[in-house]
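Colleague: coordinates only, sequence not included:
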């Protein structure tokens, strides 16, 4: 564009050459730049649009990267990336070989902390501030930008609690827009609403009570006010807290009006903001919808069924249960630990609790899974959405560790359905009453068949299924990756050599079937969309060793490395578990 400012800005040093009066124009250009690229390449839109002015003001006032800036969560860091040496690469955002959709330390010196998960910024920035003090640096600033949904997490409170008894040079900025991915919930959200509306007396300010120098709330889109306040706070000692009010999706009408849908809207018309239609006719349902709609179906028959999700009602499709049975479905906010122990408490009183948490986020509640559920043998039903490779969100979001980290826990059943029918049937089976807790893992994306709402069938716990009979090689798969195996075998010349077994139950293992397999086959291949270290294949290897198996055993799955971002197809190919790779492997036998 003529007289463009952004075209000349590649670093914050370039930004600081502008006059304060030029910054509103830069904000307009930065929004347009984000919209232009995300409309075509997809990604997280609304959160980054909402903090454009704040992003500019922070890099203008503070001497980044010497002053340390931590974003929480990284959804809102697109403007930050564009202003910090990645403008020319931004069209590769979230693509295979391109830049990450989240701040990433190995990508840029301006990314001070990796932030794919929420509520870490205060603890991280406080750690940086205390380290700076110990090293004699009293001039450096340390800034944590945290959303109102993230600050409700227990970890954020832990950070605030500690920071308030230090003299650390820490600035916490609360980006208050009343929404995370879904609308924010809980008593803290209500408190912040009262503060915004002037209904809460200042002498009752909880942040001040924690020994923070509190300022706000101020308009987060008012650049002159932001600049003035940040400049003032830069020279205030000790822990400080700035409360700003923003609008998620600011600058794009549809994104402001439909903040849930435009969090990550897919492709859209950059001029009108209208979403580009996707034909979903005759497509199988998403696994999350199979879960959500089946749960409602079961809840209609069983009044003891409860649904719990930590801040992901839309992403997990728990929204269907919340709409149908609002008193029996709970969004507890970004609080995975609380979600698990809440479920455990309900289970002690005879309720049938479906606790739906993304696989990657259950990692945050590992202690609660062990101590509060498994140790007490409470029959909580964990529904692990986004298991396996999730695609463009990358290493922070892949659900590839759950088999390994759950497999070692006593009393816990671990099940990975082959398809939507098995998912429905295990959800049905679980509510009939199990002697142990169960973790059901299923992937992001669409299932296999459009004809999925069939009558329920009870699944026998701990039984494997033979899908194909063969002479020489036994292929053992768990979960939906078994569909890649089935397809690959239809394209292999000597398919009669291969037997294929689906081990839906990783735990308990079907040892009777395994004994038969190791007696009959010269070669065993295991396949999973989880880590090969400590996963399903490792369990089969240990069993084979214990039982003196002398044949060849090959373990396929996710390598012992953090897999980066790309499409699921690209990532499966990288890991050698896509149909083409499996076909090539099978053809060597």
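Modeller: Looks like it came in fine. Source: prediction; values computed, not measured. Numbering: from 1, shown residues only.
Colleague: so what's the gap between the top strand by length along the chain and the chain middle?
Modeller: Across the chain, the longest stretch assigned as strand under DSSP state E is strand 523-531. For strand 523-531, the gap between its own C-alpha mean and the chain's C-alpha mean amounts to 25 Å (Cα atoms, centre = their mean, to the nearest Å).
Colleague: could I get the full set of helices for the stretch 51-200 of the chain?
Modeller: Remark: helices assigned in the stretch 51-200 of the chain by DSSP state H, counting those that start in this stretch are 52-61, 78-81, 121-134, 154-163, 187-196.
Colleague: could you save those as JSON lines and add columns showing mean pLDDT?
Modeller: Below are the helices of the stretch 51-200 of the chain laid out as JSON lines (pLDDT from 0 to 100):
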{"stretch": "helix 52-61", "mean pLDDT": "98"}
{"stretch": "helix 78-81", "mean pLDDT": "96"}
{"stretch": "helix 121-134", "mean pLDDT": "96"}
{"stretch": "helix 154-163", "mean pLDDT": "94"}
{"stretch": "helix 187-196", "mean pLDDT": "76"}
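Colleague: which pLDDT value belongs to the spatially most central residue of the chain?
Modeller: Closest to where the C-alpha atoms of the chain average out (Cα atoms, centre = their mean) is residue 397, at 4.5 Å. Residue 397 carries a pLDDT value of 96.
Colleague: quick one: contacts for it?
Modeller: Residues in contact with residue 397 (Cβ atoms under 8 Å, 6 or more residues apart in numbering) are 116, 358, 360, 386, 390. Backbone N, C-alpha and C define where each C-beta goes, glycine included.
Colleague: and the two most separated of those?
Modeller: The largest separation in the contacts of residue 397, counting by Cβ to Cβ, is between 116 and 386 at 12.5 Å.
Colleague: neighbour-wise, which of these two wins?
Modeller: More crowded of residue 116 and residue 386, by other Cβ atoms under 10 Å: residue 386, with 27 against 20.
Colleague: domain map for the chain?
Modeller: Per automatic domain parsing, the structural domains of the chain span 21-263, 287-441, 465-586.
Colleague: got the ones you listed as a markdown table, with distance to residue 451 columns?
Modeller: Converted to a markdown table, those look like this (distance: least, Cβ to Cβ, whole Å):
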| stretch | distance to residue 451 |
| --- | --- |
| domain 21-263 | 28 |
| domain 287-441 | 9 |
| domain 465-586 | 16 |
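Colleague: looking at those, which is nearest to residue 15?
Modeller: Closest to residue 15 of these is domain 21-263 (Cβ to Cβ; 5.5 Å).
Colleague: what about that closest one, start to end distance?
Modeller: In domain 21-263, first residue to last residue: 30 Å (Cα to Cα, to the nearest Å).
Colleague: distance from that domain to the middle of the chain?
Modeller: With Cα atoms, centre = their mean as the basis, the mean position of domain 21-263 lies at 19 Å from the chain mean.
Colleague: any weak-confidence spans in this protein?
Modeller: Under the criterion pLDDT under 70, the flagged ranges of the chain are 1-2, 179-182, 196, 198-204.
Colleague: which helix is the longest one in it?
Modeller: helix 23-41 (DSSP state H).
Colleague: show residues contacting that one.
Modeller: In contact with helix 23-41 (Cβ under 8 Å, 6+ apart) are residues 1, 4-6, 9, 15, 18, 43-45, 48-49, 52-53, 55-57, 60, 78-79, 82-83, 87, 90-91, 93-95, 223, 227, 250-252, 267-270.
Colleague: filter the residues you listed down to the buried ones, PyMOL style.
Modeller: The buried residues among those can be selected in PyMOL (16 or more other Cβ atoms under 10 Å) with this line:
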select buried, resi 5+6+9+15+18+43+44+45+48+49+52+53+55+56+57+60+78+79+82+83+87+90+93+94+95+223+227+250+251+252+268+270
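Colleague: and the one helix or strand residue 366 maps to, what does it pack onto?
Modeller: Assigned by DSSP states H and E, residue 366 belongs to helix 366-368. When contacts are defined as 3 or more Cβ pairs under 8 Å, 6 or more residues apart in numbering; DSSP states H and E, helix 366-368 packs onto helix 336-348.
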